[in-house]
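> What follows is a predicted protein model with its sequence.
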Amino acid sequence: MIHIVDYGLGNIRAFVNVYRRLNIEARTAETADALRGATRVILPGVGHFDHAMDRLQSSGMREPLEDLVRDRQVPVLGICVGMQILAASSDEGTRPGLGWIDAHVRAFSGWAPTQTLPMPHMGWNDVTPRGKHPLFAKMDGDCRFYFLHSYFFECRDGDDVLAEAEYGAPFACAVRRGNVMGVQFHPEKSHHFGTQLLQNFAEL
């Protein structure tokens, strides 16, 4: 059963609708009890890093998520800010992140390759997977996803980078460390590529 964490951030209903069209069972989780029985977890998010961490903490779901992801090794997919809070820290705030992947979230505004580019990075962009991974299965050739962000995920271990996009220079737009995965783009807004990725996650 896929559980979509609803801590007040992100278009939760869009994910439910995608899985309904795919005839895959998915439900939202707003409390710790609602997370019981999860075999897959989606952690969406929009907005500010610190606000996302505060909302997750106040929801009461952080400890159950730690148990599911760290102890039980349940696959988790962080999306947009939900990906960014997988890191240890961010330029956007002072709160520590979940630290499930050893990474820091950097501002494009402080990165030399993007100094002459508009902010935020918004719209469709090509995504290039590094090697083969089941999250990007059945996406032969070019795949494109929709982005909207001003910060990017910088892994301390390059092996954690699952896919890259380019904005001035290549940056990590998908990451993974074991059962922990994250994507910076919005699969729920990315038409058939996004639908395929969400289906792939369900079938891991």
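Received, thanks.
> how about the helices in this protein?
Along the chain, counting by DSSP state H, helices occupy 12-21, 49-58, 62-66, 81-84, 191-202.
> hey, which of those is tucked in deepest?
Burial of those is given as mean neighbour count (mean count of other Cβ atoms under 10 Å); helix 81-84 ranks first at a mean of 27. Every C-beta, even on glycine, is put in place using the N, C-alpha and C of the backbone.
> what's the average pLDDT for that helix?
For helix 81-84, mean pLDDT is 98.
> packing partners for that helix?
Applying 3 or more Cβ pairs under 8 Å, 6 or more residues apart in numbering; DSSP states H and E, one finds that helix 81-84 contacts helix 49-58, strand 151-155, strand 180-183.
> distance of the closest residue to Arg156 other than its chain neighbours from Glu154?
Take Arg156 and drop its neighbours on the chain: the residue closest to it by Cβ to Cβ, 6 or more residues apart in numbering is Asp102, 4.6 Å away. Using Cβ to Cβ, to the nearest Å, we find Asp102 at a distance of 10 Å from Glu154.
> returning to what we had before: among the helices of the chain, which comes closest to Ala172?
helix 81-84 (9.6 Å; Cβ to Cβ).
> which stretches of this protein have low pLDDT?
Within the chain, the segments meeting pLDDT under 70 span 141.
> and the residue in it sticking out farthest from the centre, how far is that from Tyr167?
Using Cα atoms, centre = their mean, the residue of the chain lying farthest from its centre is Thr116. It sits 26.6 Å away. As for Thr116, its distance to Tyr167 is 11 Å (criterion: Cβ to Cβ).
> repeat for Cys143
16 Å.
> got it, and Leu9?
23 Å.
> Show me the beta-bridge partners of the closest residue to Ser190 other than its chain neighbours.
Spatially, and ignoring its direct neighbours in sequence, Ser190 is nearest to Phe145 (4.4 Å; Cβ to Cβ, 6+ apart). In this entry, Phe145 is beta-bridged to Asn125, by DSSP bridges.
> What is the burial count for Val5?
When neighbours are defined as other Cβ atoms under 10 Å, Val5 has 27 of them.
> cool, Leu204 as well?
As a burial measure, Leu204 scores 14 neighbours (other Cβ under 10 Å).
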